[in-house]
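Peer 1: only the shape, not the letters, is given here:
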């Protein structure tokens, strides 16, 4: 049994020795890696610089050309806007004048209607005056004063002259009115 115990002790000691070395992580040895060297960029030549300058000059020319076109478009747009404002102003003036013309036409129509009514009244009054004159002529003819060719014969006495003068003036006026109207 002593032999077994000896083997058991050796076994435990060996296992504990192994356990200690396995528990502690082994630090790997650092190896020096050589960094990959990037190839050196090719050297810039004068031809490359000239090509870049030419490309830059061309781009600047394009920018200036586009700026000129934009300025032309802006000027055209501004001119179009001014023309639009003028057209709108003219449209408003025209609408105002049209409204004034409509109002004037309405007033003129009213005036024409009134004038037509007045002319109709004058015609009626003239016709009535002519009829009244004819009736007066008949009365004068019956009273003994003959009426010839639109003129009244004048009586010889003064009183008759005065009373017939008023009638004669009215008759002459009526005849004149009738002849002018016809």
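Peer 2: Good, I have the coordinates. Given the structure is predicted, the values throughout are model-derived calculations rather than measurements.
Peer 1: distance of residue 80 from residue 115?
Peer 2: Residue 80 is 51 Å from residue 115, where distance means Cβ to Cβ, to the nearest Å. All C-beta atoms are positioned from the backbone trio N, CA, C, and that covers glycine.
Peer 1: and residue 142, by the same measure?
Peer 2: Here the criterion is Cβ to Cβ. By it, residue 142 lies 40 Å from residue 115.
Peer 1: neighbours of residue 133, just the number please.
Peer 2: For residue 133, the tally of surrounding residues (other Cβ atoms under 10 Å) stands at 19.
Peer 1: what does the one 3 residues further on give?
Peer 2: Look at residue 136: counted by other Cβ under 10 Å, it has 17 neighbours.
Peer 1: low pLDDT regions in the protein?
Peer 2: Scanning the chain with the threshold set as pLDDT under 70 gives 18-38, 40, 143-182.
Peer 1: for it, which segments count as strands?
Peer 2: Secondary structure of the chain (DSSP state E): strands located at 147-148, 151-152.
Peer 1: next up, the contacts around residue 67.
Peer 2: Listed by Cβ atoms under 8 Å, 6 or more residues apart in numbering, residue 67 has no contact partners.
Peer 1: offset the numbering so it begins at 5, please.
Peer 2: In the new numbering, first residue 5, that becomes residue 71.
Peer 1: how much space between it and residue 59?
Peer 2: According to Cβ to Cβ, residue 71 stands 19 Å off from residue 59.
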